[in-house]
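Visitor: Just a sequence and a predicted model for now, questions to come.
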Amino acid sequence: MLRGFCFAALLLAAISTASAADQLNVKVGYLGSADKTETISLIEMPPPNDGVAGAELATDDNNTTGKFLNQSFSLQQILLKDGDDPVAAAQKLADSGISLIVADLPAAMLLKAADAGRQRGIFFLNAGAIDDRLRQEDCRANVLHTAPSRAMLADALAQYLVWKHWTRWLLVVGSHAPDRLFADALRRSATRFGAQIVQQREFKDTGGARRTDSGLVQIQSQIPLFTQSAPDYDVLVAADESQVFADYMPYRTSQPRPVAGSAGLEPTTWDPSFDQWGAIQLQSRFEKKFSRWMTALDMQAWTAIRMVGEAVSHVNSDDAKTIVKYIKGPDFALAAFKGRKLTVRDWDLQLRQPILLADGRTVVSVSPQEGFLHQYSELDTLGIDRPETKCKLK
Amino acid sequence: MCLRFILGIALALMLVGRANAYHAYVSNERSNTVSLIDTDAWKVVKTIKVGQRPRGIAYTKDQKYVLVACGDDDTIQMIDTSSNTVADTLPSGPDPELFTASPDGKFLYVANENDNTVTIIDIARRAQVGAVQVGVEPEGMAVSPDGKILINTSETTNMAHFIDPVKHEVVASVLVDQRPRFAAFTPDGTELWVSSEVGGTVSVIDPARHVVKQKIEFAIAGMRPDPIQPVGINITSDDKLAFVALGPANHVAVVDVKTHKVLKYLLVGQRVWHMAFTPDGKYLLTANGVSNDVSVIDVPALKVVNTVQVGELPWGVAMSDH
């Protein structure tokens, strides 16, 4: 303990005497996807700079802090189109001296880039992909996740529904692969926390446009038909990451029932209406800079860049290995407007974080819910815990 | 004659009875009001309507006003302590939260959360006379007893900035744990204490060398570390005891200023935030945000002796210095 103090004191002394000549320049890359999904609701269409904007704001925040420590931060971004090679893009960033890359890529692309980048010591902060396999059998020692996993999102929702005693779920699943993965996560959560899936239905994507001039009339009669004759249930839980049907469920079900999951009450890391724990300050800072609301992806990218900034202010080094070692170490913690410190799970490099439950207008609750106990941290009641992990970090 | 005599005695007794009565002003963040507590009766005697989101609150040195930062109105309102109504405003800059005054009472130093700025105000002129750029989300403010150093803590930058109040320049910055909320000098000026809400610690800084001497940690039996979030710090004028409000842990830690050891944890209301001593130092009043009340701690006895209901989300308490 005493050694810790001395070290901190020495470090601080070093910081306050640093001269302009040895200013640190920390370069961080951003690899994103230029293709954005089409959403049912027009107001939920992802903005063109979704994610990147969060990374830019965090770079500003790091630079404000860096002013006092003689450190500066820059961000270099590459947006990939469908079919572009993520490996080449990561190498391009590495060629310009970047070893820390914030990624918003599909799981397969991220793994390709991560495996190719390992030789050159590239470390990825995954801000976009929620796939559990990236934290399980496909985990990597050079990939850390600020994005929550599907299991975390499902657990956060399940805890609240169980707390409400809405334990009988009608599970409606889309016909695309990500929808099925979310459904798997929801089934796991139901078993863990004592909810029952009274029936599961598939909503097939038969194709067609999201926006039509006379769509409403049809949907108004289709959804009651689709949801009728179900066993008695408390809540309709929709697994529709592909944005085909879930937003059509609220107010249109055959029986009057609330909707949760991919519509209605949704688990997320951020919501533009969130104002607790100082979040209002980040929201106003973001809106002032970008003239739009901050999304969950923006927050996940902000968090990734802030993690780098937080580590650099402690290690006072631009060496990626040193920075990553601090982030993975026991002293790392980040304040990110969630009412408690965020830390990293050492078994799968997932960021521990509370999950918001938002209905599109307000934040209804924040999980973990009271009463879901854990021997180490309540935050570990969300997602894959140490005893069940399949991850072997290599 | 006799009646007049009795009335006289009664009046004298009332005056004697009220000799220790002070006024405490409590800002209610959600109600947009300030509750005025009589410390003799321990009850709210007046509720004053103020601007939106009142948080930081303190007396002016001349005791004529109680200043309250109304964050969502981008102003500091001045409550006249004789009429207990809002009499004037100060140009605080955007979103003021905490502020502190120079020891001579002439200048007010205000943290503007949204602007990474500390604004300096000439109170008599009601005018801004300077601004200093600091880290992200400035919050805690303190002035050294000799008035030579101004401290600001920035919540996202995680630093205590040392500012020259004459030159309006940052002269040093010291890293502390996550989300530093509040700064307080020991009355003798030899130590600066900074609370880190999310980090869960209080950093004791040597203000001459700009280094963290020690970090005080807290542990309450049967409670996980997560809700232990230090915020307000009040130190007795004899430099003996420090009281640290632990937020959602619903306790106030009593710390020995010399040894930095925690002596006791006092259970108060929910989400205890900022605090103030009565001028005689006998009591410490704590604003408890979630339970909408103020706990009264008997300082010599180290016991919670009373609770006063106030408005919604009480945030801070102002008491006169004498």
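Guide: Cool, the structure landed. Numbers count the residues shown, from 1 in each chain, chains lettered A, B, ... in the order given.
Visitor: what ranges do the helices span in the stretch 251-394 of chain A?
Guide: Assigned by DSSP state H, counting those that start in this stretch, the helices in the stretch 251-394 of chain A fall at A:279-290, A:296-315, A:320-328.
Visitor: In TSV, list the ones you listed along with mean pLDDT.
Guide: TSV is the format used below for the helices of the stretch 251-394 of chain A (pLDDT from 0 to 100):
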stretch	mean pLDDT
helix A:279-290	96
helix A:296-315	98
helix A:320-328	97
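Visitor: Mean neighbour count and distance to chain B for those - can I get that in JSON lines?
Guide: For every residue, glycine as well, the C-beta is placed using N, CA and C. Formatted as JSON lines, the helices of the stretch 251-394 of chain A follow (neighbours: other CB atoms under 10 Å in any protein chain shown; distance: least, CB to the nearest CB, whole Å):
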{"stretch": "helix A:279-290", "mean neighbour count": "18", "distance to chain B": "5"}
{"stretch": "helix A:296-315", "mean neighbour count": "26", "distance to chain B": "6"}
{"stretch": "helix A:320-328", "mean neighbour count": "19", "distance to chain B": "13"}
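Visitor: Quick check, central residue of chain A?
Guide: residue A:147 (2.4 Å; CA atoms, centre = their mean).
Visitor: and the stretch 101-250 of chain B, which of its residues are near chain A?
Guide: Contact residues (CB under 8 Å from any CB of the partner chain) of the stretch 101-250 of chain B with chain A: B:113-114, B:116, B:133, B:135-137, B:154-159, B:161, B:170, B:172-175, B:177-179, B:197-200, B:209-215, B:224, B:226-227, B:229, B:248.
Visitor: ok, residue A:316 to residue B:271 distance?
Guide: Distance, residue A:316 to residue B:271, by CB to CB, to the nearest Å: 35 Å.
Visitor: These two - which one has more neighbours?
Guide: Legend: neighbour count by other CB atoms under 10 Å in any protein chain shown for residue A:316 and residue B:271, higher for residue B:271 (22 against 19).
Visitor: right, and that one touches residue B:287 too?
Guide: No. Contact criterion CB atoms under 8 Å: residue B:271 and residue B:287 do not qualify, at 9.1 Å.
Visitor: What ranges does the stretch 51-200 of chain B have for its helices?
Guide: For the stretch 51-200 of chain B, helices defined by DSSP H, counting those that start in this stretch do not occur.
Visitor: What about residue A:96, how many residues nearby?
Guide: Applying other CB under 10 Å, we find 9 residues neighbouring residue A:96.
Visitor: Kindly report the same for residue B:227.
Guide: The number of residues packed near residue B:227 is 17, by other CB under 10 Å.
Visitor: Checking it next. Helix, strand or coil?
Guide: coil (DSSP: H, G, I helix; E, B strand; the rest coil).
Visitor: if we can go back for a sec, tell me which of the helices of the stretch 251-394 of chain A lies nearest to residue B:72.
Guide: Closest approach to residue B:72 among the helices of the stretch 251-394 of chain A is made by helix A:279-290 (9.5 Å; CB to CB).
Visitor: which stretches of chain A form strands?
Guide: Assigned by DSSP state E, chain A shows strands spanning A:24-33, A:71-80, A:100-103, A:123-126, A:143-145, A:168-174, A:196-203, A:235-239, A:259-261, A:266-268, A:334-335, A:341-342, A:355-358, A:363-367.
Visitor: need these in JSON lines with mean neighbour count, mean pLDDT and distance to chain B, can you?
Guide: Shown next, in JSON lines, are the strands of chain A (neighbours: other CB atoms under 10 Å in any protein chain shown; pLDDT from 0 to 100; distance: least, CB to the nearest CB, whole Å):
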{"stretch": "strand A:24-33", "mean neighbour count": "22", "mean pLDDT": "96", "distance to chain B": "15"}
{"stretch": "strand A:71-80", "mean neighbour count": "18", "mean pLDDT": "97", "distance to chain B": "11"}
{"stretch": "strand A:100-103", "mean neighbour count": "29", "mean pLDDT": "98", "distance to chain B": "18"}
{"stretch": "strand A:123-126", "mean neighbour count": "26", "mean pLDDT": "98", "distance to chain B": "18"}
{"stretch": "strand A:143-145", "mean neighbour count": "26", "mean pLDDT": "98", "distance to chain B": "18"}
{"stretch": "strand A:168-174", "mean neighbour count": "23", "mean pLDDT": "98", "distance to chain B": "30"}
{"stretch": "strand A:196-203", "mean neighbour count": "15", "mean pLDDT": "97", "distance to chain B": "31"}
{"stretch": "strand A:235-239", "mean neighbour count": "28", "mean pLDDT": "98", "distance to chain B": "29"}
{"stretch": "strand A:259-261", "mean neighbour count": "27", "mean pLDDT": "98", "distance to chain B": "26"}
{"stretch": "strand A:266-268", "mean neighbour count": "22", "mean pLDDT": "98", "distance to chain B": "20"}
{"stretch": "strand A:334-335", "mean neighbour count": "24", "mean pLDDT": "96", "distance to chain B": "4"}
{"stretch": "strand A:341-342", "mean neighbour count": "24", "mean pLDDT": "95", "distance to chain B": "5"}
{"stretch": "strand A:355-358", "mean neighbour count": "23", "mean pLDDT": "98", "distance to chain B": "15"}
{"stretch": "strand A:363-367", "mean neighbour count": "18", "mean pLDDT": "98", "distance to chain B": "13"}
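Visitor: In JSON lines: those strands, plus distance to residue B:68.
Guide: Shown next, in JSON lines, are the strands of chain A (distance: least, CB to CB, whole Å):
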{"stretch": "strand A:24-33", "distance to residue B:68": "41"}
{"stretch": "strand A:71-80", "distance to residue B:68": "37"}
{"stretch": "strand A:100-103", "distance to residue B:68": "42"}
{"stretch": "strand A:123-126", "distance to residue B:68": "42"}
{"stretch": "strand A:143-145", "distance to residue B:68": "43"}
{"stretch": "strand A:168-174", "distance to residue B:68": "49"}
{"stretch": "strand A:196-203", "distance to residue B:68": "52"}
{"stretch": "strand A:235-239", "distance to residue B:68": "44"}
{"stretch": "strand A:259-261", "distance to residue B:68": "41"}
{"stretch": "strand A:266-268", "distance to residue B:68": "35"}
{"stretch": "strand A:334-335", "distance to residue B:68": "27"}
{"stretch": "strand A:341-342", "distance to residue B:68": "31"}
{"stretch": "strand A:355-358", "distance to residue B:68": "31"}
{"stretch": "strand A:363-367", "distance to residue B:68": "28"}
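Visitor: Which one of these lies nearest to residue A:48?
Guide: Among the strands of chain A, the nearest to residue A:48 by CB to CB is strand A:71-80 (9.1 Å).
Visitor: what angle separates the closest one from helix A:296-315?
Guide: Here strand A:71-80 runs at an angle of 150 degrees relative to helix A:296-315 (axes from the mean of the first three to the mean of the last three CA atoms, to 10 degrees).
Visitor: Output the contacting helices and strands for strand A:71-80.
Guide: Applying 3 or more CB pairs under 8 Å, 6 or more residues apart in numbering or on different chains; DSSP states H and E, one finds that strand A:71-80 contacts strand A:24-33, helix A:52-66, helix A:86-95, helix A:296-315.
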